[in-house]
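>>> Kindly generate the corresponding structure for this input.
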Amino acid sequence: MNSTTINTIKELAKPIVEQEDMFLVDVEVKNAKVQEVWVLADSEKGGVDLDACARVSRELSFILEEKDIFNKAYRLNVSSPGLSRPLSDQRQYPKNEGRTIKVKYKSDEEYLTVEGVLQSVNDSQIEVKPEDDKLVVIPFDNIVETKIVPKI
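The predicted structure follows:
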């Protein structure tokens, strides 16, 4: 799937997702026997509601058909990004305060990794408290990847 088609799907999905009080994280198209379109949405106010995903799916599906985006069968999936997917939008950080995260970041031309509790988030940076170390402040511009570390 080319990037133009994915960008078109993002443009169509974004306002539909936002009317459900969520934001669009990403759109992925996976080539399988039946092509799969994944629309990943998240909420700043807690979890992603299954009924809201169903409403987004119905409306987006109607628009994709109307615009004739695909010339063959496809499967549309609307869901949250899940815990295993790295955080990719700054708006995903505040609701994860208090959770353990693993952050790969750049500092003085060197790549570093820290794992600890996400202590705080503001518009420009996050603060991570490792178990036995001092607070690490990381500007968003320096973050390479952040993953939630699930606790069992």
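>>> Need the per-residue pLDDT for Lys104.
Residue-level confidence at Lys104 comes out at 98, pLDDT.
>>> Would you map the helices across the chain?
Listed from the start of the chain, the chain has helices (DSSP state H) covering 3-18, 50-67.
>>> Dump the ones you listed to a markdown table, plus mean neighbour count and mean pLDDT.
Any C-beta I mention is one placed from the backbone N, CA and C, and that applies to glycine too. Written out in a markdown table, the entries for those read as follows (neighbours: other C-beta atoms under 10 Å; pLDDT from 0 to 100):
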| stretch | mean neighbour count | mean pLDDT |
| --- | --- | --- |
| helix 3-18 | 16 | 94 |
| helix 50-67 | 14 | 96 |
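>>> Please name whichever of those helices is nearest to Ile126.
Evaluated with C-beta to C-beta, these place helix 3-18 nearest to Ile126, the distance being 24.3 Å.
>>> Now tell me what touches that closest one from outside.
Residues lying outside helix 3-18 but in contact with it, judged by C-beta atoms under 8 Å, 6 or more residues apart in numbering, are 23-24, 27-29, 37, 39, 41, 56, 59-60, 63-64, 67, 69.
>>> Which residue is most remote from the mean position of the protein?
Taking C-alpha atoms, centre = their mean, the residue of the chain most remote from its mean C-alpha position is Asp132, at 29.5 Å.
>>> Quickly note the distance from that residue to Ile69.
52 Å (C-beta to C-beta, to the nearest Å).
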